[in-house]
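J.: Okay, predicted coordinates and the sequence, questions at the end:
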Amino acid sequence: MEVKAFLGGINVPHYKSFSEKQEIKEIKLPQQIIIPLSQHIGAPCQPLVREGDRVKAGQKIGDSDSFVSAPVHASLSGTVSSIEDKKIHSGEKVQCIVIDVDKKQESIEYADNDLEKVSKEDIVKAVKEAGIVGMGGAAFPTAVKIQPPPDKPVDALILNGCECEPYLTCDHRIMLEKAEELLQGVKLLQKVLDVKKAYICIEDNKMDAISELSEKNDDPGIVIMKTPTKYPQGAEKQLIKATLDREVPPGGLPFDVGALVQNVGTAVAVYEAVKYNKPLLERVVTVTGQNIAEPGNIMVKIGTPLEHLLNECGGIKEEPAKVVMGGPMTGVAQEDLEVPVVKAITGITVLPPAMAFGELEYMECVRCGKCVEDCPMLLYPNQISIYGEAGMYEQAEKWNTMDCIECGICAYVCPAQRPIVKFVQQAKPQIQNLQNSRNNT
């Protein structure tokens, strides 16, 4: 076991104790599921079914011809009641397939493939057909990610098991309860990438997961790496620096320095896709916080409405509550409990009335420099926020706004309570429009 850490970041309260000892459990099936046709970076899918069609669990119900995309599947069997635009966790409306769930569930047939005999092409095809995307939150199509450009070969695979976001414990439980599947998934990713060395990186507040994987791992090509608990230890570029001492250039991608990072949950999904031809139908979600009656780690069918999941965990203890999809640093507060769980949702954090405030009153930047001091990307969030707030997007671009990973540290440490991440999120699409306009002239 090796020990490394990136430079920068901050220590934040963990709040892991609510759910870290809770084993992954099943819940009752919802009466209805909502399957968004866009759950990933890239082109949205087109529906392959119509209203009134009956579908089986595992059946592909949406797909796209675009290279950067991922198909979607029915996570439960039932009847398509509608295909309509509905709100998702981000607040935007996307086309969704709504399925009324059957009491008697039917599923497609699964295989039992010999992993020793599968080829690289078999792995890519299985991952593509399964609709797997990055399950740590990024939701980039995995079949695309494991096919780096020929002129930029990858020589190191990093598995992100840090789970540095406060409250969340789903990856922790996956490493404890699905260690063998994870290790098999890592080997499949090594095979498709032709990579001899893989690193599973885990923060030192999860020593039981480090012990479990170290005990089960018999492959010298897989290194279990202990990292200090620090936020955002699991951010892709920081993890590459800590593990390989390689710096991804501004505007660059991991394969520019010969690396590829995958979440541990993604690796398990890859194993299930290649071994059984199982689509990505479910994922582990942490439901936690001071204001949920029964915190835990739940195996959730994709498309399950948020309200059903909260009810299955005992409900909200005290109103008004703040319900956040994800963790408190990078998650999105919800105003509608009918939104569905999608492939990239890692957790649901339910905060008590004392923390369920609206938008804070904020002041002008006081030039203290705390956000600059703590920014893990070595940016100037103070300048970016000033230009973003003022709508001066060309100036914001010059301060490397597009390199921001939106970790939330700047807003966390800001004494003026400025919503810096909000200003970054406002600026990024405008900067992208400026860049596209230049490229088209």
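T.: Happy to help now that I have it. Fair warning: this is a prediction, and the values are worked out from it, not measured in the lab.
J.: what's in contact with the lengthiest helix in the chain?
T.: Longest helix of the chain, by residue count under DSSP state H: helix 420-439. For helix 420-439, the external contacting residues (CB atoms under 8 Å, 6 or more residues apart in numbering) are 371, 381-382, 384-385, 387-389, 391, 393-394, 396-397, 401-402, 404, 406, 408, 410-411, 414. Bear in mind the C-beta positions are built from the backbone N, C-alpha and C, glycine included.
J.: which among those end up buried?
T.: 371, 381-382, 384-385, 387-389, 393, 396-397, 401, 404, 406, 408, 410-411, 414 (16 or more other CB atoms under 10 Å).
J.: Averaged pLDDT, the strand or helix carrying E397. What do you get?
T.: Here E397 sits within helix 393-398, counting by DSSP states H and E. Throughout helix 393-398, pLDDT has a mean value of 96.
J.: can I see the domain layout of this structure?
T.: Per automatic domain parsing, the domain ranges recorded for the chain read 2-20+112-276, 370-439.
J.: helix/strand/coil for the residue nearest to A130 when sequence neighbours are not counted?
T.: Spatially, and ignoring its direct neighbours in sequence, A130 is nearest to A273 (3.6 Å; CB to CB, 6 or more residues apart in numbering). What DSSP: H, G, I helix; E, B strand; the rest coil gives for A273 is helix.
J.: list the contacts for A273?
T.: Neighbouring residues of A273 by CB under 8 Å, 6+ apart: 126-127, 129-130, 132, 279-280.
J.: For those residues, give me TSV that also has secondary structure and pLDDT.
T.: Converted to TSV, the contacts of A273 look like this (DSSP: H, G, I helix; E, B strand; the rest coil; pLDDT from 0 to 100):
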residue	secondary structure	pLDDT
A126	helix	98
V127	helix	98
E129	helix	98
A130	helix	98
I132	coil	97
P279	coil	98
L280	coil	98
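J.: Give me the buried positions along the longest helix of the chain.
T.: Neighbour-count burial for helix 420-439, counted by 16+ other CB under 10 Å, picks out 420-424, 426-428, 430-431.
J.: Over to stretch 328-342?
T.: For stretch 328-342, the neighbour count (16+ other CB under 10 Å) marks 328-331, 333-334, 339-342 as buried.
J.: Which other helices and strands does the helix holding E397 contact?
T.: helix 381-390, helix 420-439 (3 or more CB pairs under 8 Å, 6 or more residues apart in numbering; DSSP states H and E).
J.: From P232, how far out is the residue minimising distance to the centre of the chain?
T.: Residue closest to the average C-alpha location in the chain (CA atoms, centre = their mean): G137, at 1.5 Å. Computed with CB to CB, to the nearest Å, the distance linking G137 and P232 is 11 Å.
J.: so what's the residue nearest to V55 when sequence neighbours are not counted up against?
T.: Using CB to CB, 6+ apart and skipping the chain neighbours, the partner closest in space to V55 is A74 (4.3 Å). Contacts for A74 were tallied using CB under 8 Å, 6+ apart; they are 33, 35, 55-59, 61, 97, 99, 281.
J.: redo that, cut-off 6 Å
T.: The contact partners of A74, taken as CB atoms under 6 Å, 6 or more residues apart in numbering, are 55, 57, 59, 61.
J.: in the stretch 251-400 of the chain, which spans are helices?
T.: Listed in chain order, the helices of the stretch 251-400 of the chain (DSSP state H, counting those that start in this stretch) span 264-276, 306-312, 370-374, 381-390, 393-398.
J.: Please tabulate those in TSV, including the columns distance to F255.
T.: Below are these laid out as TSV (distance: least, CB to CB, whole Å):
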stretch	distance to F255
helix 264-276	16
helix 306-312	35
helix 370-374	28
helix 381-390	26
helix 393-398	24
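J.: Using a markdown table, lay out the contacts of A273 together with distance to E23 and neighbour count.
T.: Formatted as a markdown table, those follow (distance: CB to CB, whole Å; neighbours: other CB atoms under 10 Å):
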| residue | distance to E23 | neighbour count |
| --- | --- | --- |
| A126 | 28 | 25 |
| V127 | 27 | 28 |
| E129 | 30 | 17 |
| A130 | 25 | 26 |
| I132 | 24 | 28 |
| P279 | 24 | 26 |
| L280 | 22 | 26 |
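J.: closest to K21 among those residues?
T.: Proximity of those to K21 was ranked by CB to CB; the top entry is L280 with 26.8 Å.
J.: What distance do you get for the closest one to M392?
T.: For L280, the distance to M392 - CB to CB - is 41 Å.
J.: Kindly report the same for I222.
T.: 48 Å.
J.: Looking at the two, which is more packed in?
T.: I222 (19 against 14; other CB atoms under 10 Å).
J.: what's the more buried one in contact with, if anything?
T.: Counting by CB under 6 Å, 6+ apart, I222 makes contact with 186, 198.
J.: all helices for the stretch 1-150 of the chain, in order.
T.: Along the stretch 1-150 of the chain, the segments classed as helices by DSSP H, counting those that start in this stretch run 120-130, 142-145.
J.: would you list those in CSV and tack on distance to Q46?
T.: Listed next are those as CSV, based on distance: least, CB to CB, whole Å:
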stretch, distance to Q46
helix 120-130, 16
helix 142-145, 18
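J.: now, of those helices, which is deepest in the fold?
T.: Most buried of the helices of the stretch 1-150 of the chain by mean neighbour count (mean count of other CB atoms under 10 Å) is helix 142-145; its value is a mean of 24.
J.: same for that helix, what does it pack against?
T.: helix 120-130 (3 or more CB pairs under 6 Å, 6 or more residues apart in numbering; DSSP states H and E).
J.: Extract the CA atoms of the helix it packs on and return them as CSV.
T.: In CSV, the C-alpha atoms belonging to helix 120-130 read as follows (Å, rounded to 0.1, in the frame of the first residue of the first chain):
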residue,chain,number,x,y,z
LYS,A,120,-11.0,-5.5,-25.9
GLU,A,121,-13.7,-5.0,-28.6
ASP,A,122,-16.1,-7.2,-26.4
ILE,A,123,-15.5,-4.9,-23.4
VAL,A,124,-16.1,-1.7,-25.3
LYS,A,125,-19.3,-3.1,-26.9
ALA,A,126,-20.6,-4.4,-23.6
VAL,A,127,-19.9,-1.1,-21.8
LYS,A,128,-21.5,0.9,-24.6
GLU,A,129,-24.6,-1.3,-24.8
ALA,A,130,-25.0,-1.1,-21.0
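J.: Run the angle between that helix and helix 264-276 for me.
T.: 110 degrees (axes from the mean of the first three to the mean of the last three CA atoms, to 10 degrees).
J.: can you list contacts of helix 120-130?
T.: So helix 120-130 is in contact with 142-143, 188, 192, 270, 273-274, 279-280, going by CB under 6 Å, 6+ apart.
J.: Include distance to L351 when you put the residues you listed into TSV, please.
T.: What follows is the contacts of helix 120-130, written out as TSV (distance: CB to CB, whole Å):
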residue	distance to L351
T142	32
A143	36
L188	38
V192	41
V270	34
A273	35
V274	39
P279	33
L280	29
